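**Q** Based on what follows, work out the 3D shape:
(2 chains)
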Amino acid sequence: MNKLGLIIQKEYLGRVRTRSFVLGTLLGPVGIALLMFGPSLLAERTGVGHQNVAVVDPSSDSGVILAIEEMVDGMAQQSEAGGDRLPLTVVRVDPGRYGGDLTVLRDSLNVRVRSQELDGYVILGEDFLDSGKAVYYGEKVSGVIGVEVLAKVLDQVVQQARMRSAGVDAQDLASILEGADLDLRSLDDGDDGSTLKGRMLAGMTLIMMLYFMMIFYGQFTMQAVIEDKSSRVVEVMLASVTPTQLMAGKILGQGLVGFTQFGIWTTFAAVFSQVGGSIQGIEVNLSVISLDLWFYFGVFFVFGYLLYSLLYAGVGAVCSSTQDAQQFQGFITIMIVLPMLLLQVALQNPDGRLSTGLSLVPLFTPILMFIRVVVSKPPMWQIGLSIALMAITTVVAFRFTGKLFRLSILHFGKAPSWREMIALLRSPE
Amino acid sequence: MSALLKVCGLRKTYGDFVAVDGVDLTIPRGCIYGVLGPNGAGKSTIIRTIMGIYDPDGGRIEFDGAPRTRASLDRIAYLPEERGLYKKMPLLDHIVYLARLKGMNAKTARDKARLWLERFDLSDRAEAKVDELSKGMQQKAQFVAAILPEPELIILDEPFSGLDPINVRLLTDIITEQKEKGRTVLFSTHVLEQAEKICDRIFLIHRGRKLLDGDLSSIRDEYPVETVEFRGSASAEELRQVVGIDEVTDRDGLFRLRLAEGMDRQAVLRDLLDRGRIDHFSAVRPPLTEIFLREVAACGDKVEPHELRVAGGAVA
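**A** Below is the predicted model:
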């Protein structure tokens, strides 16, 4: 094996075998799984999915209760037809049995709630159809889906009563209240139901991967370089390899580690999406990512990492400790974070002048050009230009970082100031 | 003997500071060469330039009859003065890694490394991570890593510093052994007594300039003997009365006598014979330290003797 290969192998195995890498790689999918399956699992386990609720009308006018029951029955039949179960059962309570004494009635209902027979009860207000006021009492008042259904039912009962008194035909009501159903589809989306929303969610996931790769693995590279310096092993290394080999070995080795980790995570995400996980109700489906999107992701992933790891490695070469590296490192990190903050601009107007300009800045290209490709269809020449500029910048960074390695990898002691750093970059070799 | 390494007119500056000023150095094959001088004399700079770690500002370096290239570095072992290994790497893996970077094949490197670790009493730590080892162990490990690829030239920068007497002995033995196997050793030290024991040739450097260079015994022959050792019936008091003896030091009955300049020691011996019994009388060759101090003085400078042995003080 040649020397570069040996360094890459050492860097790769050195990190892949660490406990933190193994844990991080395993915990990643656990996190993704929690995000995708957690909410629905949580709902099933705690059983908040269905509620038995008693409805009491102290005015003893059974008309309102009947209207409510009728509507709930209708909804239950509809749900059943769709293979679901309405998460609500209304339990009738006759206030007459308690002699109209609301306190006695509530005491009795409280006992039934505590004994889990009921999840809660609703007491309608005076002149409910006019005032629309009602109170729900229960042990739990959040995450109760059934009660949310009941709230809608009460809404409609009140609305119907008011419309009747205003002379609107009750039969027309349902059709009047029927809402619109807007489905967002971009021209590139297939008719198989893949929506822009799903595509965007998948795109954002990929952007997070780009971001983490650049910021974390870039910094890992810097730390690997600093480790060589702070342990002084660098002098032994340089007796066998050139500074450029050392630099390239570090960058490629750490890069492969990142590639491995993200590869494992993507595989897990693909498997999860096959078994139907969803994030915040939106189905995650990696198949909505088209082949060309994967291609651009690959290009931006590789160049984004190379560019930033070169910059980080350059900082590592001139600094003898992580503390010394702080000031320069912060500057590079800002360059990665900034496009994340500008994502909103690109999302709102992906082909606007500002978005276009920013996406052509090589340091911003990986994130901003990629989001544009996800949500819009930028002209080919813009994509090509951005990749070309990024490639040129990477080559320039390679030369400068290589120079920093040759000039200062053996320079121990205090970190240079910005001015010294610039002088170093401009000095002849 | 043909020269394995040749350095001509080497010059290296750091800003205004001239670290090495026109040094010539020729290292014949199969010898042990000591580069000697106080701290800051320029020893490490010369070595780093030979190793291609620094680019010289002037002069040229030849290895095996041709200009030294990156490829020739694979034939040169190097132990830097600043020791360092990857802390989280297992010892054996680390040694093998460094040997492979010098072009050695993985299996050979692993087999040989085990043998060396055994000799250095480190076999049971082969799988331990470097930062679980003591400083001394790390230093031995680094020495093993340097000589493992069996290079033609072995360059050691201050190899003895920080080692206990037992390990100094072990290292000295191995260096001598390497020479017997036909390899060439170049090492630097500021502990001159160390060099005296094993060097065939020495190179004395002070403030970036060469003071002395050549075969150790012939250098010594050039210096007049001014001290003799004496044991016999005469007392210190009597010895002081002998014409030509400037100074008398008593070391448990063994006297060190410093002779006046230009004094013939045969004359002193005759005088002593007249005064009584003589058990022991021998000329003392000047120690390297003294030669060095004299050379420095000759060029109008002054070096405190302690400068020649700080940091390496553990040496017995």
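
**Q** hey, let's count contacts and neighbours off CA atoms from now on
**A** Noted.

**Q** Which parts of chain B are helices?
**A** Under the criterion DSSP state H, chain B contains helices at B:43-50, B:91-101, B:106-119, B:135-147, B:165-180, B:192-198, B:216-221, B:236-241, B:265-275, B:288-298.

**Q** quick one: the second one to helix B:135-147, angle?
**A** The one in question is helix B:91-101. Helix B:91-101 runs at 30 degrees relative to helix B:135-147, counting by axes from the mean of the first three to the mean of the last three Cα atoms, to 10 degrees.

**Q** Please apply the same query to the longest one.
**A** Following the same axes, to 10 degrees, one obtains 10 degrees for the angle between helix B:165-180 and helix B:135-147.

**Q** Helix B:165-180: which residues count as buried?
**A** Using 16 or more other Cα atoms under 10 Å in any protein chain shown as the test for burial, helix B:165-180 gives B:Val168, B:Leu171, B:Thr172, B:Ile175, B:Thr176, B:Gln178, B:Lys179.

**Q** domains in the chain, as residue ranges please.
**A** No chain was given, so I picked chain A. Chain A breaks down into these domains under automatic domain parsing: A:50-171, A:195-426.

**Q** The chain in question should be chain B.
**A** Following automatic domain parsing, one gets these domains for chain B: B:3-89+B:133-220, B:225-284.

**Q** rank these by pLDDT, which is bottom?
**A** Lowest mean pLDDT within the domains of chain B: domain B:225-284, at a mean of 85.

**Q** you'd agree A:Val56 is up against A:Gly96?
**A** No. Taking contacts as Cα atoms under 8 Å, A:Val56 lies outside contact range of A:Gly96: 10.5 Å.

**Q** Of these two, which one has the most company?
**A** A:Val56 (24 against 12; other Cα atoms under 10 Å in any protein chain shown).

**Q** Quickly list what that one is bridged to.
**A** Assessed by DSSP bridges, A:Val56 has beta-bridge partners A:Ile123.

**Q** Close to chain A: what parts of chain B are there?
**A** Residues of chain B lying close to chain A by Cα under 8 Å from any Cα of the partner chain are B:51-53, B:73-74, B:78-80, B:82-87, B:89, B:97-98, B:100-102.

**Q** follow-up on the earlier one: can you lay out the domains of chain A as JSON lines showing mean pLDDT?
**A** JSON lines is the format used below for those (pLDDT from 0 to 100):
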{"stretch": "domain A:50-171", "mean pLDDT": "81"}
{"stretch": "domain A:195-426", "mean pLDDT": "86"}
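
**Q** if you compare those, which one is most tucked away?
**A** The highest mean neighbour count among the domains of chain A, using mean count of other Cα atoms under 10 Å in any protein chain shown, belongs to domain A:195-426: a mean of 19.

**Q** can you pull the buried residues of stretch B:280-288?
**A** Using 16+ other Cα under 10 Å as the test for burial, stretch B:280-288 gives B:Phe281, B:Leu288.

**Q** returning to that earlier point: just the buried residues out of the residues of chain B next to chain A, in PyMOL syntax.
**A** Selection of buried members from the residues of chain B next to chain A for PyMOL, criterion 16+ other Cα under 10 Å:
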select buried, chain B and resi 51+52+53+73+74+78+79+80+83+84+85+86+87+89+97+98+100+101+102
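
**Q** Among the residues of chain B next to chain A, which ones are in strands?
**A** Secondary structure from DSSP state E places B:Tyr78, B:Leu79 of those in strands.

**Q** Please identify which of the domains of chain B is closest to A:Met163.
**A** Closest to A:Met163 of those, according to Cα to Cα: domain B:3-89+B:133-220, at 77.7 Å.
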